[in-house]
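Visitor: no sequence for this one, just the structure:
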């Protein structure tokens, strides 16, 4: 089973490289961070790619919805120039390409099943999990999602010992435990700013590793370690190395 990571680079080392790219993962590795959090979605032709938004405007030189693109069209986009000249020409990464890089670098992956409005969570799970489970060792994998349908379908696809699932929440609700039980979750992930000590205590006493996103100030985050938080997801987790 996966050992819950302490430091995770949010969308790769996104403070220093364009998010969700091969370059951002290499930057995390070069900085000594061995886990990354990435987003996965499907293109219009069904290809799984590493991408966060429903469209390509913010993080590329193109326009249009991700779900309308083919892989050939997506590969023509510059997904790095918006971040800085040094990254001009950085391509959108397919899931296969990213998994090959993670294997090469021996890195862990928290993969978020990103279900944007109008997209099919079951199609995403079915397009992603066979590829993912074939390539990524279970000891270096957590799959998370805000979408309950995606998590439920993922659990139907694979047992807990083959697929560690993370319940991803903005704020931990009162029924968090039943939600975890419904999918046999391994971890709980939540916004560090909305977490309260009492709720953190409930989660950790129940035996669930608790991961918090997206924290970038180690001093402001310090009390969360005292609450029993297992790991932090940060744009620059190197800032936490002296505090974690």
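Guide: Looks like it arrived, so ask away. This is a predicted model, so every value here is computed, not measured.

Visitor: which stretches of this structure form helices?
Guide: 22-30, 71-75, 95-105, 121-135, 148-157, 176-183, 197-205, 218-226 (DSSP state H).

Visitor: just name the most buried of those helices.
Guide: Among the helices of the chain, ranked by average contacts under mean count of other CB atoms under 10 Å, first place goes to helix 22-30 (a mean of 22). Just so you know, the C-beta spots here come from the backbone N, C-alpha and C atoms, and that holds for glycine as well.

Visitor: quick one: closest of the helices of the chain to residue 111.
Guide: Closest to residue 111 of those, according to CB to CB: helix 121-135, at 6.6 Å.

Visitor: the closest one to helix 148-157, inter-axis angle?
Guide: Relative orientation of helix 121-135 and helix 148-157, computed by axes from the mean of the first three to the mean of the last three CA atoms, to 10 degrees: 40 degrees.

Visitor: who are the packing partners of helix 121-135?
Guide: Packed against helix 121-135 by the contact rule (3 or more CB pairs under 8 Å, 6 or more residues apart in numbering; DSSP states H and E) you find strand 35-42, strand 48-50, helix 95-105, strand 108-113, strand 141-145, helix 148-157.

Visitor: which one of the helices of the chain lies nearest to residue 59?
Guide: Between residue 59 and the helices of the chain, the shortest separation by CB to CB is 10.9 Å, and it involves helix 22-30.

Visitor: ok now that closest one, how far from the chain's centre?
Guide: Here the centre of helix 22-30 is set off from its chain's centre by 14 Å, with CA atoms, centre = their mean, to the nearest Å.

Visitor: numbering from 16 from now on, please.
Guide: That works, and once the first residue is 16, the last one we named lands at helix 37-45.
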